[in-house]
Structures are given as structure tokens and as C-alpha cells.
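A.B. asks: give me a model of this one.
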Amino acid sequence: MCLAVPAKVLEIDGSMGKVELSGVTRDVSMMLLPEAEVGDCVLVHAGFAMQVVTEKDIEETNALLAEMNGAPRTLEDIPEMASRQGAPAEAGA
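C.D. replies: The predicted structure follows:
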């Protein structure tokens, strides 16, 4: 499984950039996103900025990551969520 994390671009110097991830700065390759600018939000995977995203995308991703680390949502909610999206729910749910 691959996981990209959202970050904000602080600096760009050629094909390298400095991004901020939850208060921590990291150097990343920007060579896959030559169109990215300082202030943009990007998804970072394996040291590469992969995609420009919106602030809303970052908020949603951070909320999901927080859920993975002790979310109030529980497994009992999953069949209900699946049925709302058109997937078959567990029998008896």
C-alpha cells in the first residue's frame, strides 16, 4: 500500500523544495511538479511531490489520518456507510 501525505511548499530551489508536514519541514524532489509554486499544497510520497492539491483536500486527508490514529468512528459504522454508497451491506445490518 502506498500513502502520500499532504504538505505545503515553503521553498523551491531548482528541482528540490522544502515542504512542511504537520509542523515538520522536509526536503523533497519537485521534479515531477515543475508547475508547483511556493504556497501550493502537494501530496508527498517517498520524497517526491506527486500532485498539487487544495487546502480542503489536506483538511480531509488529515481528518482521515486522525481517524486512523484513534478515530471515534467504529467498525460498526462501515456496513451502514457501504450501503449508502450502493455497496451491499452485511446481512442483518
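A.B. asks: pLDDT averaged over stretch 69-78 - what is it?
C.D. replies: Taken as a whole, stretch 69-78 carries a mean pLDDT of 59.
A.B. asks: give the bridge partners for the residue lying closest to residue 21 once chain neighbours are set aside, please.
C.D. replies: Once flanking residues are discounted, residue 21 sits nearest to residue 7: 4.6 Å by CB to CB, 6 or more residues apart in numbering. Backbone N, C-alpha and C define where each C-beta goes, glycine included. Residue 7 has these beta-bridge partners by DSSP bridges: residue 42.
A.B. asks: is it true that residue 10 lies in a helix?
C.D. replies: No: under the criterion used here (DSSP: H, G, I helix; E, B strand; the rest coil), residue 10 is strand, not part of a helix.
A.B. asks: please tell me how far it sits from residue 33.
C.D. replies: 14 Å (CB to CB, to the nearest Å).
A.B. asks: when those two are compared, which one has more neighbours?
C.D. replies: Comparing residue 10 with residue 33 by other CB atoms under 10 Å, the one with more neighbours is residue 33, at 21 against 13.
A.B. asks: residue contacts, the closest residue in space to the more buried one that isn't next to it in sequence?
C.D. replies: Leaving aside its sequence neighbours, residue 33 sits nearest to residue 49 (CB to CB, 6+ apart; 4.9 Å). Residue 49 makes contacts with 7, 9, 17, 19, 28, 29, 30, 32, 33, 36, 42, 43, as judged by CB atoms under 8 Å, 6 or more residues apart in numbering.
A.B. asks: which residues does the last one contact?
C.D. replies: With contacts defined as CB under 8 Å, 6+ apart, residue 43 is in contact with 4, 5, 6, 7, 49, 50, 51, 53.
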